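Colleague: no sequence on this one, just coordinates:
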């Protein structure tokens, strides 16, 4: 009985780990990607709500005369055939600041406000260091050192 219980516990633990890992493989986010490493960006595990509510965010921005966040998206330098395009952080910061100011009126979900706050902090840092950025669609939450070495920019 002791061996069977131990094996069952190991099996269940393995099933749990697989389920969590598979979920992360299919996690899609909208992340800021910087021309060079900032050192203080805390956006890597965020951005999921920005993607899922991007239509609402863009409609709100356009309705009030500011550039939509989707204007700052770019092709991924790691995907063959896509072109990487950098943007001045100050332009996007205006949009993010406006969206955060109107969040009480627009009733964005809490996760959106949190993601916008993280993006705002990173864009302020990029602006102060004169670092351009873009928004990339990112699948999964893991990254290898080999991938990061090949990239032209940095998520961090």
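Modeller: Perfect, I can see it now. Owing to the predicted nature of the structure, the values given are computational and were not obtained by experimental measurement.
Colleague: use CA for all of it now, contacts and neighbours both
Modeller: Noted.
Colleague: may I have the residues that are in contact with residue 121?
Modeller: residue 41 (Cα atoms under 8 Å, 6 or more residues apart in numbering).
Colleague: distance of it from residue 40?
Modeller: From residue 121 across to residue 40, the span is 9 Å (Cα to Cα, to the nearest Å).
Colleague: chain center to the host helix or strand of residue 104, what's the gap?
Modeller: Element membership for residue 104 (DSSP states H and E) is helix 103-106. How far helix 103-106 lies from its chain's middle: 22 Å, per Cα atoms, centre = their mean, to the nearest Å.
Colleague: ok, then the element right after that helix?
Modeller: Immediately after helix 103-106, counting by DSSP H and E, sits helix 110-128.
Colleague: quick one: buried residues of the helix or strand following that following helix?
Modeller: Scanning forward in sequence from helix 110-128 by DSSP H and E, the next helix or strand is strand 133-139. For strand 133-139, burial by neighbour count (16 or more other Cα atoms under 10 Å) applies to 133, 134, 135, 136, 137, 138.
Colleague: find the nearest non-adjacent residue to residue 43, please.
Modeller: Leaving aside its sequence neighbours, residue 43 sits nearest to residue 118 (Cα to Cα, 6 or more residues apart in numbering; 5.9 Å).
Colleague: now residue 69
Modeller: residue 58 (6.1 Å).
Colleague: may I ask which helix or strand encompasses the one you found?
Modeller: Residue 58 is part of helix 54-63 when elements are defined by DSSP H and E.
Colleague: next secondary structure after that helix?
Modeller: Once the chain leaves helix 54-63, the next helix or strand it forms, by DSSP H and E, is helix 89-101.
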